[in-house]
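Peer 1: Can you look at this prediction? I've put the sequence above it.
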Amino acid sequence: MSELRQRKFARTRLALAGALSNALAQQTLPEISVKALCREAEVSEATFFNYFPSKQELMEARLPRDCRPFISCLHTPPGPAPVVPD
């Protein structure tokens with residue numbers, strides 16, 4: 001990949017990450033649309049999906065590598081509440 005192409009790739013990823021950060025300040029991830037992220041980042045939806053298969057993948061890309069294994073915990077439904085004796 002040429003240097004120019006690498007810079008464009010990095011700028012696009014940063015623009016999408018920035019758009020997600022801005023949106024998360026006002027909404028939850030499920031409430032945010034890919035279309036709105038793309039509008040703010042000034043890229044097409046097709047471009048978004050060339051970079052990330054989903055909003056979740058974009059969210060994970062923003063996290064430090066050592067935090068990524070914990071993401072699955074956020075999407076696993078909690079088990080039954082423990083019974084506390086009286």
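Peer 2: Good, I have the coordinates. It should be emphasised that the depicted structure is a prediction, and the values quoted were computed from it without experimental measurement. Numbering: from 1, shown residues only.

Peer 1: Pull out the C-alpha coordinates of stretch 26-33 and format them as CSV.
Peer 2: Presented in CSV, the C-alpha positions along stretch 26-33 are these (Å, rounded to 0.1, in the frame of the first residue of the first chain):
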residue,chain,number,x,y,z
GLN,A,26,-25.5,11.7,23.2
GLN,A,27,-26.8,8.2,22.3
THR,A,28,-26.2,4.5,23.1
LEU,A,29,-24.6,2.3,20.4
PRO,A,30,-27.9,0.7,19.4
GLU,A,31,-29.4,4.1,18.9
ILE,A,32,-26.7,5.2,16.5
SER,A,33,-27.1,4.5,12.8
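
Peer 1: what's the spacing between it and its chain's center?
Peer 2: Averaging C-alpha positions (C-alpha atoms, centre = their mean, to the nearest Å) puts stretch 26-33 10 Å from its chain's average.

Peer 1: what's it in contact with?
Peer 2: 20, 23-24, 55-56, 59 (C-beta atoms under 8 Å, 6 or more residues apart in numbering). (C-beta placed from N, C-alpha, C; glycine too.)

Peer 1: Helix or strand: which one has the spatially most central residue of the chain?
Peer 2: Ranked by distance to the mean C-alpha position of the chain (C-alpha atoms, centre = their mean), the top residue is Met59 at 2.0 Å. Here Met59 sits within helix 55-62, counting by DSSP states H and E.

Peer 1: now Phe48
Peer 2: Under DSSP H and E, the secondary-structure element containing Phe48 is helix 45-51.

Peer 1: Any buried residues in that helix, and which?
Peer 2: Of the residues in helix 45-51, those buried by neighbour count under the rule 16 or more other C-beta atoms under 10 Å are 48, 51.

Peer 1: for the helix holding Met59, packing partners?
Peer 2: Under the contact criterion of 3 or more C-beta pairs under 8 Å, 6 or more residues apart in numbering; DSSP states H and E, helix 55-62 touches helix 3-24, helix 34-41, helix 71-75.
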